[in-house]
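1. Take this sequence and fold it.
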Amino acid sequence: MEKVMTINSGSSTVKFKLYEMPEEEVICSGNCERIGEKMGIFTIKWGTNKESYECLFPTHEEAAKKVIDVLLEKGFIKDFDEIKAIGHRIVQGGKYFSESALFDKKTEDLIESLIPLAPLHNAAHLTCYRAFKEVLPNTPAIAVFDTAYHQSMEEEDYLFPIPYELSEKYSIRRYGAHGTSHQYLNQMGLKYCEGIKEPRIITCHIGSGASITASKDCKCVATSMGLTPLGGIMMGTRSGDMDPSVFNYLVSCTGKSAEEVYQMLNKKSGLLGVSGISNDSRDVLEAAEKGNKQAITTVKLFNRRIADFIGQYYVRLGGCDLLVWSAGIGENEPRTRSEVCKLLHDALGVELDEEVNSTIHGKEAVISTPSSKIKVVVIPTDEEVMIARDSYRIAHEIKK
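-> Alright, predicted model coming up:
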């Protein structure tokens with residue numbers, strides 16, 4: 001048994017989990033919040049226990065040191081050497097990484113070169129990697145990329161129809177996101193596809209950020225998010241795909257700069273923008289059920305966008321053997337699952353067991369009827385365990 005830690009960092013946060021591997025048992029987990037502010041919050045959970053208190057984190061390095069100090073104080077590790085690998089979630093791996101990689105100078109430089117494609121995320125990931133490297137200089141660090149799973153797409157699936165030389169010069173293409181989640185869901189979904197050669201699976205990672213992926217035999221064929229996470233289906237605050245002329249027209253009509261409109265499409269659109277109520281689907285659904293016309297329109301638009309992508313990917317795969325729902329909305333919102341599947345019923349023969357569906361919140365289950373032409377399941381995602389698996393594997397490979 002060996003201990004592996006996973007890190008998911010933001011510009012002001014560090015989320016961590018400590019695993020016993022290869023058993024994949026979670027020893028503890030936690031979060032450092034409000035890094036760089038006047039006062040931060042440190043939280044740690046283990047078993048049924050939870051501690052949370054104020055703590056000062058001027059930089060990510062102090063946060064990293066705090067994490068390790070608490071692991072030592074509480075006896076989760078006896079010394080630094082017990083942690084055999086640290087896996088860092090990296091949002092953007094560009095065209096360079098089709099799988100997880102050991103952090104070395106080349107990996108670090110390539111991730112840094114991709115900051116323009118994910119300015120908030122990649123910069124924060126590198127800051128956190130360097131912080132933990134200072135605290136644990138001898139522990140192998142592994143970069144696990146959100147985009148890696150989608151690198152198996154064919155050129156006609158990832159290219160945008162712009163002048164080809166621009167795509168080549170500036171590495172403009174569909175990169176996707178949530179790849180670690182979609183890979184996990186495909187692996188977990190295989191047990192529902194026994195006896196099927198090269199299973200065709202459509203995975204719906206539907207949360208505040210949302211993406212849909214079509215896979216064949218656990219390899220990505222197509223995915224909804226684009227150059228950045230702004231593309232694809234409508235989300236909590238993101239517009240998703242739309243007529244590109246809307247962008248120029250908004251700049252002309254509003255007098256806002258291109259950057260201001262871009263930020264509006266990222267942060268003030270989607271559920272929030274259309275409803276005028278909230279970016280939280282629960283608030284919008286509640287308003288819709290009370291008869292708010294704008295909320296009703298928002299819910300219908302959201303469901304339609306999801307159904308449209310599922311239909312598109314059904315054609316792309318030449319059929320579908322399994323439809324998977326996951327992430328915050330996908331795992332916990334029976335109303336969304338029900339309405340989307342009703343939109344798929346006539347064309348694709350999808351049929352939910354509404355009684356079962358209504359009881360499923362955050363747990364794995366088959367929610368389709370035996371007569372449904374596509375099996376529909378809910379599978380809670382687990383990106384952290386995928387990071388732990390790759391980190392454990394690569395750490396062992398470099399020992400050989």
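2. So what touches the helix or strand bottoming out on mean pLDDT in the chain?
-> Sorting the helices and strands of the chain by mean pLDDT, DSSP states H and E puts helix 119-135 at the bottom, at a mean of 85. Residues outside helix 119-135 that contact it (C-beta atoms under 8 Å, 6 or more residues apart in numbering): 7, 9-11, 14, 59-61, 63-65, 68, 86, 88-92, 103, 108, 111-112, 114-115, 139, 141, 143. Just so you know, the C-beta spots here come from the backbone N, C-alpha and C atoms, and that holds for glycine as well.
3. Show only the entries of the residues you listed found in strands.
-> Among the contacts of helix 119-135, the subset assigned to strands under DSSP state E consists of 7, 9, 14, 86, 88-90, 141, 143.
4. if we can go back for a sec, buried stuff in the least confident helix or strand of the chain?
-> Neighbour-count burial for helix 119-135, with 16 or more other C-beta atoms under 10 Å as criterion, is recorded at 121-122, 124-129, 131-133, 135.
5. Using PDB, list the CA coordinates for it.
-> The C-alpha coordinates for helix 119-135 follow below in PDB (Å, rounded to 0.1, in the frame of the first residue of the first chain):
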ATOM      1  CA  PRO A 119      -5.200  31.900 -18.700                       C
ATOM      2  CA  LEU A 120      -6.800  31.400 -15.200                       C
ATOM      3  CA  HIS A 121      -6.500  27.700 -15.000                       C
ATOM      4  CA  ASN A 122      -3.000  26.800 -16.400                       C
ATOM      5  CA  ALA A 123      -1.300  29.600 -14.600                       C
ATOM      6  CA  ALA A 124      -2.800  28.600 -11.300                       C
ATOM      7  CA  HIS A 125      -1.900  24.900 -11.800                       C
ATOM      8  CA  LEU A 126       1.700  25.800 -12.400                       C
ATOM      9  CA  THR A 127       1.800  28.100  -9.400                       C
ATOM     10  CA  CYS A 128       0.500  25.200  -7.300                       C
ATOM     11  CA  TYR A 129       2.800  22.600  -8.800                       C
ATOM     12  CA  ARG A 130       5.800  24.900  -8.000                       C
ATOM     13  CA  ALA A 131       4.500  25.400  -4.500                       C
ATOM     14  CA  PHE A 132       4.300  21.700  -3.800                       C
ATOM     15  CA  LYS A 133       7.600  21.100  -5.400                       C
ATOM     16  CA  GLU A 134       9.200  23.500  -2.800                       C
ATOM     17  CA  VAL A 135       7.600  21.500   0.000                       C
END
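6. Is it possible to get a markdown table of the buried residues of helix 119-135 that adds distance to Asp283?
-> Shown next, in a markdown table, are the buried residues of helix 119-135 (distance: C-beta to C-beta, whole Å):
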| residue | distance to Asp283 |
| --- | --- |
| His121 | 26 |
| Asn122 | 31 |
| Ala124 | 28 |
| His125 | 31 |
| Leu126 | 35 |
| Thr127 | 33 |
| Cys128 | 32 |
| Tyr129 | 36 |
| Ala131 | 36 |
| Phe132 | 37 |
| Lys133 | 41 |
| Val135 | 40 |
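7. show me what contacts Ile201?
-> Residues touching Ile201, when contacts are defined by C-beta under 8 Å, 6+ apart, comprise 185-186, 189, 193, 214-216, 218, 320-324.
8. Pull the most distant pair out of these.
-> With distances taken as C-beta to C-beta, the most widely separated pair in the contacts of Ile201 is Cys218 and Leu323, at 15.6 Å.
9. which one of these two has more residues nearby?
-> Between Cys218 and Leu323, counting by other C-beta atoms under 10 Å, Leu323 is the more crowded of the two (27 against 17).
10. quick check, the more buried one in a helix?
-> No: secondary structure of Leu323, determined by DSSP: H, G, I helix; E, B strand; the rest coil: strand, with no helix assignment.
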